[in-house]
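Novice: below are the sequence and a predicted model for it; my questions follow.
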Amino acid sequence: MSSRSRETGGVAPDINGQNWYWGPGNRWSYLHTRRIFPSADVQRGDGPVVKPDPAPREIDGISFVDPVSKAPMTIAQMYAATDTDALLVLKGLS
């Protein structure tokens, strides 16, 4: 990804529908998904807003099987391997 793309928000020529999900271009892609895929604004509706009760936990050591490589990995390893900045887990919101 060129610095011009980051600074101006211009379409990065090396990011497309086939590689938008993978790092390091995924940072740009999530901010500019509309430039890659058709999209529409979705209104939240008239119902009440449910405010989550934050309960931060240390999850870096949780392990799972990578769906692509089928190798075991931890959340910390996944962050590094996929250029992931954050992970949000929601439980019990209705």
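Specialist: Happy to help now that I have it. Residues are numbered from 1 along each chain as shown.

Novice: domain parsing for this protein?
Specialist: As given by automatic domain parsing, the domain ranges for the chain are 3-36, 52-89.

Novice: lowest mean pLDDT across those, which one is that?
Specialist: Mean pLDDT per stretch puts domain 3-36 lowest among the domains of the chain, at a mean of 73.

Novice: distance check, Asn19 against Gly25.
Specialist: Going from Asn19 to Gly25 by Cβ to Cβ, to the nearest Å gives 6 Å. From N, CA and C alone the C-beta is placed, and that goes for glycine too.

Novice: more neighbours: these two, which one.
Specialist: More crowded of Asn19 and Gly25, by other Cβ atoms under 10 Å: Gly25, with 18 against 13.

Novice: list the buried ones in the helix ranked longest in the chain?
Specialist: In the chain, with assignment by DSSP state H, the single longest helix is helix 75-82. By 16 or more other Cβ atoms under 10 Å, the buried positions in helix 75-82 come out as 78, 82.

Novice: show the contacting residues for Tyr21.
Specialist: Ser29 (Cβ atoms under 8 Å, 6 or more residues apart in numbering).

Novice: what segments of this protein are strands?
Specialist: 63-65, 72-74 (DSSP state E).

Novice: who are the packing partners of the last one?
Specialist: Put plainly, it is strand 72-74. Counting contacts by 3 or more Cβ pairs under 8 Å, 6 or more residues apart in numbering; DSSP states H and E, strand 72-74 is packed against strand 63-65.
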